[in-house]
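In: Let me see the structure of the following:
(2 chains)
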Protein chains: 2
Amino acid sequence: METTLRVLDKVNTPEDLKNLSLEEMNILSGEIRELIMKKVNATGGHLGPNLGIVEATIALHRVFNTPEDKIVFDVSHQCYPHKILTGRKEGFTEPDKYLKYSGYTAPEESEFDLFKVGHTSTSVSLASGLAKARDLRGGKENVIALIGDGSLSGGEAFEGLDNAAALESNIIVVVNDNDMSIAENQGGLYANLKLLRETNGQTECNFFKSLGFDYYYVDNGNDIESLVETFSRVKDSDHPVLVHIRTLKGKGCKAAETDKEHYHWIIPGELDSDYAPQIPNHETYESITTDYILKKHAQDSSVIAISPATPGVSGFTPEFRAKLGKSYTDTGIAEQHAVAYASGLAKNGAKPILAVMSSFIQRAYDQLSQDLALNNTPATILVYWGGITGADATHLTKYDIPLISNIPNLVYLAPVNKEEYLRMLDWSVEQKEYSVVIRVPAAQVVSSGISDNTDYSNLNKYQVVESGSDVAILALGSFFRLGEKVKTILKEQLGISATLINPRFITGIDKELMEALKSNHKLVVTLEDGVLEGGFGEKIASYFGSSDMKVLNFGAKKEFTDRTPIEELYKRYHLTPELILEDIKNVCK
Amino acid sequence: METTLRVLDKVNTPEDLKNLSLEEMNILSGEIRELIMKKVNATGGHLGPNLGIVEATIALHRVFNTPEDKIVFDVSHQCYPHKILTGRKEGFTEPDKYLKYSGYTAPEESEFDLFKVGHTSTSVSLASGLAKARDLRGGKENVIALIGDGSLSGGEAFEGLDNAAALESNIIVVVNDNDMSIAENQGGLYANLKLLRETNGQTECNFFKSLGFDYYYVDNGNDIESLVETFSRVKDSDHPVLVHIRTLKGKGCKAAETDKEHYHWIIPGELDSDYAPQIPNHETYESITTDYILKKHAQDSSVIAISPATPGVSGFTPEFRAKLGKSYTDTGIAEQHAVAYASGLAKNGAKPILAVMSSFIQRAYDQLSQDLALNNTPATILVYWGGITGADATHLTKYDIPLISNIPNLVYLAPVNKEEYLRMLDWSVEQKEYSVVIRVPAAQVVSSGISDNTDYSNLNKYQVVESGSDVAILALGSFFRLGEKVKTILKEQLGISATLINPRFITGIDKELMEALKSNHKLVVTLEDGVLEGGFGEKIASYFGSSDMKVLNFGAKKEFTDRTPIEELYKRYHLTPELILEDIKNVCK
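Out: Purely as a prediction, here's the structure:
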């Protein structure tokens, strides 16, 4: 190690904080901040949230007796200082261990981490359960939920607060208010937070008090002394307490303090003085989408784009949002509302386009079913990043097909190239019969060069891309390229001229085509970029179950993977042309 | 018709209300109330919510110009007065038309109904969409959301309020506060509502004001004059308004005013003077469950029962709840919190048992996945009433298998008799490895008479109930009886001694057993009491897809049915022994 860390060298567990002077804790803040900037700049990751919470984390571990006292981190993308203080500083001081620890809390790493968390707004509910269990056994430990202001807009957070406030025993909710969600905060609640900040927590009309919390305000939430003083006062409280602390997102990093949205999460090298942003020199499905929306909106003012607080997921840049003006809604972290809102918009004649990440649409199953599909309102929902990835277990994007495609009425489409995507998008926006979801390809843009004029109102008509015999390959959406490769290798190695089909529709079976295949095919192979269980392929297998047609389904296994390299997953699930060929050989032999 | 309705005879559309005197409107209230009591007593249905909202409905239609002005009913189980006033009074005056109209708002019935709704907490979000679409086209109509106090605890309602308050244009939220959810209200918010009622809406610490609403309070929400006066004031508001009205749930029906929980929804005849409640003289799965919980709790104080505001669904009677005392939590309508809370409880050593109706567990998909399954916390979730029913489209209970069984880690069990259910329940409560969901049979109790000692930690081991050959029947959970009948008819009519299998596990395949079947079986038949798409049978079909084994999957089709008689559905889906036999014959011929 190149640098000596004057205080951190002495701190290996939270217990070591108890003996530090205030001055030492302040030095420690600086040391932790430097480590975070260096590490995050090397690996990429959440920057702003972690820089803002350094002092509060030190103060929490100084005052409370973790792990006996329990801290639940909301989203947990602000847990880096916590990891540094709880035995995992090597993950920040030693570059070869930078990737050893997850970017989120992970109980398998440390007893100081209670839950594996990566979706927002869950901490208060989880903490309520911990607190109630403590009460049932007559325990005395403190239970703390640390939640950011941005996460408060999520319905689960409200349900948790409403219940926690009625708990009649110890629960301490720390609201880390940095006046930012991932993008700007949205919603009426945030005016109240602003008023609370401006009145030093004194205004009578107080959201948290209205729910029944005993309320404390710390105006400088980056001042360890104030934090220690307040946390000490509420420690061992016998009733629900809420401590509202004002912090500076990105503190200590000028760029992150200034452009809070951009530096919420960075890619490697962004803090380097010679960093030059890579402007993609090629189209992406994000840029195709935003270009389409802007053009469409210029012709039709009833077009409106919506993001549930994650505009970055869909390339909804600040410029794009500014151009749309009032025809863009950021609902805050509120997927349930976003879906119902889109349904209401469509019902009253507008043309809503809601962009959501696959992992987060999970939060709106009931709204997709009840508010949207049951009402057949013609909203368009774009699901981004659906597919198998090497992501954290909390952000897997392989479940959207079973989630969405088994809901009646919904039309879930999987385009395979730019032209098809644009056609599906425009068809969806213009039609009035169906609630439509489109799985935006999570892949490099492929252009067929031929404009698509398909009328997708003829539901469940698959496209036969190349006619052949013996084997039919149903290659869905972003796995269409894989299907092409399988076709090639089948020809090369087995001399089979396979039929290649682009299903286009995830939500239904082209029965006419499937029947026709029976005449000169023995095997149907399905390929889907998602989990097999409950997905597309199993429906095809069921369809052919009572016939002589053989079916092989390829896709991911139902399991939580955690930062497993995608190549390893492709191998594990037999998702390379060679491994697929082997399986086909075993059936056709 | 036996009675003359002095005022209602003049009222066929809301327009007719405009000419009535106050006295006539008061008479009209009484007439509507009488009709509702008579009709609901004849057919069963929601009583208390409808009796409480009579005056507010008259006042809304008097003041606003529906259907141009738009009213969105939350849950819509309080829409009977609205239906009476909007051209559908025959459904209440003519006994032979009592069943003509849905008990919920239904756009297919009337242009005055905006959405098909039956789950709570959605109205503000849906109305926000209507309002925003109006703004985009420069419209001027009023948009009103009518939401009960009980629905406010649901996260979607909060997300909606937070967003609606920031809308900067007309939206009018009417909170119908009758100080009751289905059972008692729970949560900190309700203390604030109480304070608001006690201070005539004057207290400064006001939940709704904290979100930014312009707030109005009507202390007598059953007084048409006050309501008309306030609604007239807020009509055409150019900013978000919230009108908090205090009403009496069950008003006008002594029994319903007194026992608000019981008379929320009644069965036919309950208002008759000679009505005697039917005490079931047989065990039910609800009574088995509550007996188990009470007994277990007496031995182990870490056992805790949870209901998300629907204790009636699981037979959690007031007596049962009183016996458990602090070991029972009603979370309010808050399924997301309930699942996360159960996970937190289990994490800290308690033994939570959460009881939810199949249709409502839909609201907690992400929590089942992220808060529970990803963390492998040993909570027990009981899903009630799962299966194919003739219910309203909003309350179908056939989707829980695809919803739950495709989430990794979860163990979803389907017991077929009392002994198996009790064993699974006790196993789940005592074990520490898995998050477990049990599909409580929605059927009459069947007892095998033989106590079950299976260790369900050996995941995915199916039970061969009777060994045979040629055909294997996998009869899941509440369709096990159907499987027995199919076995009998196969023997009788085709001479086939089929193998009968009780899968027990919905979430995995017994591969060893499936392989063994190949030696002397040609056909596997799966039976499941739920939707086929994404369910159990398709997985079996996929498993055998590349083999010579034929597979037939039986279950419901993916579609919203609406009060379709169950016999008709069984016929449509080929779920009678005779129709199944026909399909088997077609494969085996």
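
In: all contacts plus neighbour counts: C-alpha atoms, from now on.
Out: Noted.

In: what's the span of stretch A:167-187, first residue to last?
Out: According to C-alpha to C-alpha, to the nearest Å, stretch A:167-187 extends 27 Å from its N-terminal end residue to its C-terminal end residue.

In: Can you give me the buried ones in that stretch?
Out: In terms of neighbour count (16 or more other C-alpha atoms under 10 Å in any protein chain shown), stretch A:167-187 has its buried residues at A:167, A:169-183, A:185-187.

In: Neighbours of residue A:317, how many?
Out: As a burial measure, the neighbour count of residue A:317 was computed by other C-alpha atoms under 10 Å in any protein chain shown and equals 15.

In: State the distance from it to residue A:518.
Out: Computed as C-alpha to C-alpha, the residue A:317 to residue A:518 distance reads 49 Å.

In: Pull the host helix or strand of residue A:174 out as CSV, backbone CA atoms only.
Out: Assigned by DSSP states H and E, residue A:174 belongs to strand A:171-177. These are the backbone C-alpha positions of strand A:171-177, laid out as CSV (Å, rounded to 0.1, in the frame of the first residue of the first chain):
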residue,chain,number,x,y,z
ILE,A,171,-37.2,1.6,15.9
ILE,A,172,-35.0,4.4,14.6
VAL,A,173,-35.5,5.6,11.0
VAL,A,174,-32.6,7.8,9.7
VAL,A,175,-33.7,9.7,6.7
ASN,A,176,-30.6,10.7,4.7
ASP,A,177,-31.9,13.8,2.9
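
In: That strand pairs with which strands, parallel or anti?
Out: If you go by DSSP bridges, strand A:171-177 pairs up with strand A:143-148 (parallel), strand A:240-246 (parallel).

In: So which of these is the most surrounded?
Out: Mean neighbour count (mean count of other C-alpha atoms under 10 Å in any protein chain shown) peaks for strand A:143-148 among those, with a mean of 26.

In: for the helix or strand following it, packing partners?
Out: Moving toward the C-terminus from strand A:143-148, the first helix or strand encountered (DSSP H and E) is helix A:155-164. With contacts defined as 3 or more C-alpha pairs under 8 Å, 6 or more residues apart in numbering or on different chains; DSSP states H and E, helix A:155-164 has these neighbours: helix A:123-136, helix B:155-164, helix B:188-198, helix B:335-347.

In: list the helices and strands the last one packs on?
Out: Using 3+ C-alpha pairs under 8 Å, 6+ apart, the elements in contact with helix B:335-347 are helix A:123-136, helix A:155-164, strand B:303-307, strand B:351-357.

In: need the contact list for residue A:418.
Out: Residue A:418 makes contacts with A:285, A:288, A:445, A:446, A:447, A:448, as judged by C-alpha atoms under 8 Å, 6 or more residues apart in numbering or on different chains.

In: One more pass at 10 Å, please.
Out: If a contact means C-alpha atoms under 10 Å, 6 or more residues apart in numbering or on different chains, then residue A:418 has A:283-285, A:288-289, A:424, A:440-441, A:444-452 as its contacts.

In: do the same with residue A:118
Out: When contacts are counted by C-alpha under 10 Å, 6+ apart, residue A:118 is found next to A:73-77, A:103-106, A:392-395, B:370-371.

In: right, so of the helices and strands packed on helix B:335-347, which gets closest to residue B:484?
Out: With C-alpha to C-alpha as the measure, strand B:351-357 is the member of the helices and strands packed on helix B:335-347 nearest residue B:484 (26.9 Å).

In: hmm, that closest one in reach of chain A?
Out: Yes - if you take C-alpha under 10 Å from any C-alpha of the partner chain as the test, strand B:351-357 does meet chain A, through B:351, B:352.
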